[in-house]
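Enquirer: sequence first, then the predicted structure:
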2 protein chains.
Amino acid sequence: MKNFIEPIEKLIGEFSRLPGVGKKTATRYAYKIINMKEEDVQSFASSMLKAKQNVHFCKICGNWTDEEICDICKKNNQKIICVVEEPKDILAMEKVKDFGGTYHVLHGLLDPLNGKGPDDISIKPLLERISKNDVQEVIMATNPTVEGEATALYIAKLLKNLGVKVSRIAQGVSLGTDIEYVDEVTLTRAILDRKEL
Amino acid sequence: MKNFIEPIEKLIGEFSRLPGVGKKTATRYAYKIINMKEEDVQSFASSMLKAKQNVHFCKICGNWTDEEICDICKKNNQKIICVVEEPKDILAMEKVKDFGGTYHVLHGLLDPLNGKGPDDISIKPLLERISKNDVQEVIMATNPTVEGEATALYIAKLLKNLGVKVSRIAQGVSLGTDIEYVDEVTLTRAILDRKEL
């Protein structure tokens, strides 16, 4: 006989689509849903739909928003643009107090081996933004991976032709780590970029 | 400023209600939902509601079912009843091939310290089932915890007065474990209940 009745089996299947959720965890979640009050399940289901239906990309920067333009673009300085890969990177960057600039989300990185070229990520809108506003500086905050570095360098080259100042977030040892455990690539970079005291 | 826009914040709150899900995991789940296709989110939300609305307790045994009587009660032998704490215990027990009996879900355990007495769990329906059918044996498969043991003993006493054969699942070392790591209570029980070879 099959293990679960159909409505539970189906719900377990849906939960299994969430990142990092296997069948056991999905089963726990499904049982939790069945044990919740009906109005709570209804509110859960409707928040899910509402989030999907009302959240879209900000027209300017590509961040998630439920309005036309996101709160950051409304308030912050449009002359400093920090370029990130995904909207969730903005959350991390926003923890930096007093940044005050705006963002630009690429929605991906250059990855020629997987067929992702400059037209597949949001580079053109960035160039348009820069030509429209009098942008002073663009900070590349893509991940320090091969693709992140390549994308940062590619965009930096384009922007230098436009005469815009481009910078890259510093790379080195993280605060609070043990030098003993730092990988050699990071350590090499940390030594190359050493600062005089 | 707040970290998330309202629809995402709300969805994260809902996901945080799932067992073992903290804010970080809930955020990952929420982003996954926003990145899913709208029809997929709709199907997810509707499976959630359907599972909640269509799944209820089997009239006979208290297992989850979407019909009046669950598949196990329909097919299996009503003269052998295995008593468990929760519907999910039935799933585990059903992996035992050739059991062929039916179940009875207590939906809780006796726990006087937390104000849970015999009337708070499904003992009365069990007694009714036994007096209606000609039950041959009742197997107590509550968890081997203090409350599980106490509940098993309490029900066993009631049933013996009715002249029903009552048994308890065997306790001892689990198959495949290292004796070295087995706790002393389990080991004591394993020695007390030793079997002649």
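Expert: Here it is on my side, so go on.
Enquirer: domain ranges for chain A?
Expert: Annotated domains of chain A cover A:6-54, A:64-191 [automatic domain parsing].
Enquirer: end-to-end on the longest one?
Expert: Between the start and the finish of domain A:64-191 there is a gap of 37 Å, counting by Cα to Cα, to the nearest Å.
Enquirer: need the contact list for the residue of chain A found nearest chain B.
Expert: Going by Cβ to the nearest Cβ, chain B is nearest to residue A:45 of chain A, at 3.8 Å. For glycine as for every other residue, the C-beta is placed from the backbone atoms N, C-alpha and C. When contacts are counted by Cβ atoms under 8 Å, 6 or more residues apart in numbering or on different chains, residue A:45 touches B:45-46, B:48-49.
Enquirer: run the chain-centre distance for the lengthiest strand in chain A.
Expert: Counting residues, the longest strand in chain A under DSSP state E turns out to be strand A:77-84. Counting by Cα atoms, centre = their mean, to the nearest Å, strand A:77-84 is centred 15 Å from the centre of its parent chain.
Enquirer: now rank the contacts of residue A:45 by neighbours and give me the top one.
Expert: For the contacts of residue A:45, the largest number of neighbours (other Cβ atoms under 10 Å in any protein chain shown) sits with residue B:48, at 25 neighbours.
Enquirer: SS state for the closest residue to that residue other than its chain neighbours?
Expert: What sits nearest to residue B:48 in space, not counting adjacent residues and going by Cβ to Cβ, 6 or more residues apart in numbering or on different chains, is residue A:45, at 4.9 Å. Look at residue A:45: counting by DSSP: H, G, I helix; E, B strand; the rest coil, its state is helix.
Enquirer: any low-confidence regions in chain A?
Expert: A:1-2 (pLDDT under 70).
Enquirer: so where do the strands sit in it?
Expert: Applying DSSP E to chain A gives strands spanning A:56-57, A:64-65, A:77-84, A:101-105, A:137-140, A:165-168.
Enquirer: adding mean neighbour count and distance to residue B:134, write those out as a markdown table.
Expert: A markdown table is the format used below for the strands of chain A (neighbours: other Cβ atoms under 10 Å in any protein chain shown; distance: least, Cβ to Cβ, whole Å):
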| stretch | mean neighbour count | distance to residue B:134 |
| --- | --- | --- |
| strand A:56-57 | 14 | 65 |
| strand A:64-65 | 24 | 64 |
| strand A:77-84 | 20 | 71 |
| strand A:101-105 | 24 | 70 |
| strand A:137-140 | 20 | 78 |
| strand A:165-168 | 15 | 80 |
